[in-house]
Structures are given as C-alpha cells and as structure tokens.
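Q: Take this sequence and fold it.
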Amino acid sequence: MPSEVRLITDQDIEEVLVLWGLNAGEHVPLLSYDRWGPGVAVPARPEVTEVEAFTRDPLDGTRDLLRAALTDELSFCLVVDTGHGLDGFLTGEIHTQSVNDFRIGSIRELYVRPEARRHGLGSALVEAAIAEFRSRRARMFRAEVNPDWKDGMAFWQSRGAWLQDAVVFNHYE
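A: Numbering: from 1, shown residues only. Model prediction:
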C-alpha cells in the first residue's frame, strides 16, 4: 500500500480529529454530552455523570494541540496519507531532563484505522517520529501503552530496539 508520512498541515486538522475520536473510542470509556454536539464522545470516568464546569470542550483542546504542533519546537503530529485520505497519525512531544538538556522524545498518540492495519503504516509513523525526534535533538524515545491493549502491546514488543524497561504509575483527580 503506497503511503506518505509527513508532518500535519492546517488542512489535516479536522480529519485528524476524526481519527483521534476513533482512537479514543477503541480504548476509553465514553460518555456523550449533547452540549458538544450529538454523540460527541468525551472520555470520562464511569462514575462521572456530568462533566465538571471547568472541563474544556475536548474537541477545542485537541484542535488547539494539533494547531500548536504546526509550529511548536517541542511537539509535532505526523500523518500517514495513502492517497485516499489519512489512515493514521502519531503525536510526539520532547521533554528535557535535568539541567543538561538531555532530550526525551515521547510518542503520545499513535493510531491507524483498523482496516489499514498490518500494512506497515504504524511502523512507518514510528520510524518517521524517530527521525523527527532526532532532528530536534532528542536521543531517547519513549512510548506508553496500557498493558490491557493487546494489539498495542504486541506492536511495541515486536519493535526490536524498544525495551519494556519501566512501569508507569499515575494518579488521577
């Protein structure tokens, strides 16, 4: 399947938002809030019956994140275009560690449409992300995967140069 992996453009943002929603729909418990449009899925804990007043419209927040990725030195979004639209995306961020400007590139989101999987598109996105991280002086690369996501775990475990060498603990409020 011929494809082009490239940095996001302003014209891609709305299509990436659709892919982002599909990604969330595969992995996150969802609730729908009509004030953001009929059937707009909003990630929330199951015990939440209404979004708290200070919560931002997730579409606006994600749209702003993607717009920032157009020019931000420390973040980016890659898309994979197979000629008939976008079939996947990857977002990356760079963090500095300590006082020595050691840069870590973190893959934050990686998604390929289910019907386009197993054609090397995810691998192509990851390879392009590594090149992008290197061009921005990052020398360590990181990806986090929920251990319950079997396909995601298998994908990362199949990457020869990627080690599963840390456990992440999160606290949510």
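
Q: where along this structure do the helices fall?
A: 13-27, 58-68, 121-135, 150-157 (DSSP state H).

Q: So what's the residue count around Phe76?
A: 24 (other CB atoms under 10 Å). The C-beta positions use only the backbone N, C-alpha and C, and glycine is treated the same way.

Q: List the contacts of it.
A: Counting by CB atoms under 8 Å, 6 or more residues apart in numbering, Phe76 makes contact with Leu7, Ile8, Ala69, Thr91, Gly92, Ala129, Glu132.

Q: make it 6 Å
A: Taking CB atoms under 6 Å, 6 or more residues apart in numbering, we find Phe76 in contact with Ala69, Gly92, Glu132.

Q: Tell me which of the helices of the chain sits most buried.
A: helix 121-135 (a mean of 18; mean count of other CB atoms under 10 Å).

Q: and stretch 110-119, C-alpha only, in CSV?
A: Output of stretch 110-119 as CSV, limited to C-alpha atoms (Å, rounded to 0.1, in the frame of the first residue of the first chain):
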residue,chain,number,x,y,z
LEU,A,110,-0.4,6.5,17.7
TYR,A,111,-3.4,5.4,15.7
VAL,A,112,-4.0,3.6,12.4
ARG,A,113,-7.5,2.9,11.1
PRO,A,114,-8.4,-0.8,11.8
GLU,A,115,-8.9,-1.5,8.1
ALA,A,116,-5.4,-0.1,7.3
ARG,A,117,-3.5,-2.0,10.0
ARG,A,118,-0.9,-4.7,9.3
HIS,A,119,0.4,-2.9,6.2
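
Q: From the chain's centroid, how far away is that stretch?
A: 13 Å (CA atoms, centre = their mean, to the nearest Å).

Q: cool, and stretch 93-101?
A: Centre-to-centre, stretch 93-101 and its host chain are 20 Å apart (CA atoms, centre = their mean).

Q: Turn the helices of the chain into JSON lines, columns for distance to Ser98 and mean pLDDT.
A: Formatted as JSON lines, the helices of the chain follow (distance: least, CB to CB, whole Å; pLDDT from 0 to 100):
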{"stretch": "helix 13-27", "distance to Ser98": "32", "mean pLDDT": "87"}
{"stretch": "helix 58-68", "distance to Ser98": "25", "mean pLDDT": "88"}
{"stretch": "helix 121-135", "distance to Ser98": "18", "mean pLDDT": "97"}
{"stretch": "helix 150-157", "distance to Ser98": "26", "mean pLDDT": "90"}
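
Q: For Asp87, find the nearest of those helices.
A: helix 121-135 (5.9 Å; CB to CB).

Q: what helices or strands is the closest one leaning on?
A: Judged by 3 or more CB pairs under 6 Å, 6 or more residues apart in numbering; DSSP states H and E, the packing partners of helix 121-135 are strand 4-7, strand 75-81, strand 86-97, strand 102-112.
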